[in-house]
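A.B. asks: For reference, the sequence and a predicted model appear below.
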Amino acid sequence: MAHRILAPHPADAEAVARMQLRAWLQTYPNDAAGIDETWIREQRGSAVTAEGITRWREFIEEAGRQPNLLFCRVVLTEAEIVGFLCGRRDETVLLGPMYLLNEAQGQGIGHGLMGEFLPWAEDAPIRLWVTDYNKRAISFYEHYGFKLTGEREFWRRRLPNVRMVRDSMPNHVKTASDHGIR
């Protein structure tokens, strides 16, 4: 299946919001943490309401107006958006959110997204939050030089997240085209 990574258009806001909810439903259910589909829909279901879609549309528009401060890329197949990566720049760079649907993982797409994000971030320190039981994501970020800091938070008092940071960009960053993604 061919994938393309590109900047989203405001008209993509609803598809991005729906894809994000699907990704949450695939990624975060965890009996030990008390996180199930009902909890996820209670906490994140607003993303697919008119208000949530408007927030995405506004972010996408603002990223288009201020590409030096806001980053957003989506992953498109012929049929749908299957992933995205966003970021913000202030004193440091914040990576996130970043999601790929399960069916899009393991194909180099995440590496393609990072190949676009890291050059945008330049040499700024980068920070992110990742769910502590998402070992695949933690390993992915470690591949790019991120390290766990020991800082923890419980999003909405339940979802256990850990902070990861990366101080500088190594010279071996690959671009999206290096991973066969256009």
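C.D. replies: Good, I have the coordinates.
A.B. asks: got the contact list for residue 164?
C.D. replies: Taking CB atoms under 8 Å, 6 or more residues apart in numbering as the contact definition, residue 164 lies against 127, 128, 129, 130, 138, 141, 142, 146, 147, 148, 149. Bear in mind the C-beta positions are built from the backbone N, C-alpha and C, glycine included.
A.B. asks: May I ask which helix or strand encompasses the third one?
C.D. replies: I take that to be residue 129. Assigning secondary structure by DSSP states H and E places residue 129 in strand 126-131.
A.B. asks: Quickly run through the sheet partners of that strand, with directions.
C.D. replies: Sheet neighbours of strand 126-131, with direction, are listed as strand 93-100 (parallel), strand 159-166 (antiparallel) (DSSP bridges).
A.B. asks: any low-confidence regions in this structure?
C.D. replies: 1, 169-182 (pLDDT under 70).
A.B. asks: farthest residue from the center of it?
C.D. replies: Most distant residue from the mean C-alpha position of the chain: residue 32, 24.0 Å away (CA atoms, centre = their mean).
A.B. asks: Give the closest residue to that one in space, chain neighbours not counted.
C.D. replies: Using CB to CB, 6 or more residues apart in numbering and skipping the chain neighbours, the partner closest in space to residue 32 is residue 133 (7.8 Å).
A.B. asks: Alright, I will stop here.
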